[in-house]
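Asks: coordinates only, sequence not included:
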């Protein structure tokens, strides 16, 4: 069995690493925060003192990191340590970056004697906990064959997307739909609230209708309950909309709905709500017109 490492135990990384452990995959792990590192160690992982130590102890290393800068810092890219870390290893970024960044990173990893597989996942914290993510793999056939079984421990499906950056391109296109859909759902809830409708009836009408999905059901419940505990953070969603917009511009694709949605997430983050769940985008709408559903928050025992 290949030795497996996991770096980045945040909102997504922690449940993914836990799923690997519960599937019987021994893990060497590292994380900036000691609290998350110790929690995963209690599940049976071997906590190591540095990313370099994880690479030294592993054949395949999964990375679930916040952004491109974090990836470069962890890999020591641009320094002599980078080649020493990745040579003979398979590097598997599972987060969302730009396609251009991934293409360049693949080139550098291969030049240093390593292998590279894109493995962005579609889903947020709750699907990760339930092993219901969708893995989007891109890379050489031999490397993808080795990585796919690892992703299957935390995904309900693993989709092969061809060569790099096919995985990230697919993820960004999926995210365009996701972000605009959640913004539209928040706007519909905002209207229902402004009309002083029975929000329970509104919720049933959507949840039982043909437009219902796992995402809409989950996010609508959060809106009605005014529960913005994080599953996919506003700051991360805003950054994702920027990446999608960049991808659209790179090929000359118009994206009017995305551009409006991106502005709403930007406003929400700038208001100080960056750490809240993406459903909190409704607060940008409330700030624009002054309608704040305090009576519904009180009824649900939550806070605006």
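Replies: Thanks, I have the structure now. Just so it is clear, the model here is predicted, and its values are computed rather than measured.
Asks: Kindly state the distance between the middle of stretch 177-192 and the middle of its chain.
Replies: Relative to the chain's own centre, stretch 177-192 is displaced by 19 Å; criterion: Cα atoms, centre = their mean, to the nearest Å.
Asks: now that stretch: mean pLDDT?
Replies: If you average the pLDDT over stretch 177-192, you get 98.
Asks: Buried residues of that stretch, list them for me.
Replies: Across stretch 177-192, burial judged by 16 or more other Cβ atoms under 10 Å covers 178-183, 185-186, 188-190, 192. C-betas here are computed from N, CA, C, even on glycine.
Asks: same deal with stretch 199-218?
Replies: Buried residues in stretch 199-218, counted by 16+ other Cβ under 10 Å: 199, 202-203, 206, 215-216, 218.
Asks: what's the answer for stretch 156-173, then?
Replies: By 16+ other Cβ under 10 Å, the buried positions in stretch 156-173 come out as 158-159, 161, 164-172.
Asks: how close does residue 118 sit to residue 17?
Replies: Distance of residue 118 to residue 17, computed by Cβ to Cβ, to the nearest Å: 19 Å.
Asks: do residue 164 as well
Replies: From residue 164 across to residue 17, the span is 24 Å (Cβ to Cβ).
Asks: Residue 60 now?
Replies: Taking Cβ to Cβ as the measure, residue 60 falls 13 Å from residue 17.
Asks: okay, these two: which has more neighbours?
Replies: Shown here are residue 60 and residue 17; by other Cβ atoms under 10 Å, residue 17 has more neighbours (30 against 19).
Asks: Could you verify my assumption that that one touches residue 27?
Replies: Yes: under the criterion of Cβ atoms under 8 Å, residue 17 makes contact with residue 27 at 6.0 Å.
Asks: who touches both of those two?
Replies: 6, 40, 45 (Cβ atoms under 8 Å, 6 or more residues apart in numbering).
Asks: which of those are buried?
Replies: Among these, those buried by neighbour count (16+ other Cβ under 10 Å) are 6, 40, 45.
Asks: Sort out which one of these lies nearest residue 67 for me.
Replies: Closest to residue 67 out of these is residue 6 (17.7 Å), distances taken as Cβ to Cβ.
Asks: Any chance you could list what contacts the helix or strand containing the closest one?
Replies: For residue 6, the host element (DSSP states H and E) is strand 4-7. Identification of contacts with strand 4-7 by Cβ under 8 Å, 6+ apart yields 13, 16-17, 20, 25-31, 45, 51, 54-55, 57-65, 74, 150.
Asks: Counting by contacts, list what whichever helix or strand comes after it packs against.
Replies: Next helix or strand after strand 4-7 toward the C-terminus (DSSP H and E): helix 13-22. Helices and strands touching helix 13-22, by 3 or more Cβ pairs under 8 Å, 6 or more residues apart in numbering; DSSP states H and E, are strand 4-7, strand 27-30, helix 34-42, helix 125-129.
Asks: Mind putting the buried ones among the shared contacts of residue 17 and residue 27 into JSON lines with pLDDT and distance to residue 277?
Replies: Rendered in JSON lines, the data for these read as follows (pLDDT from 0 to 100; distance: Cβ to Cβ, whole Å):
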{"residue": "6", "pLDDT": "98", "distance to residue 277": "24"}
{"residue": "40", "pLDDT": "96", "distance to residue 277": "23"}
{"residue": "45", "pLDDT": "97", "distance to residue 277": "27"}
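Asks: Alright, I will stop here.
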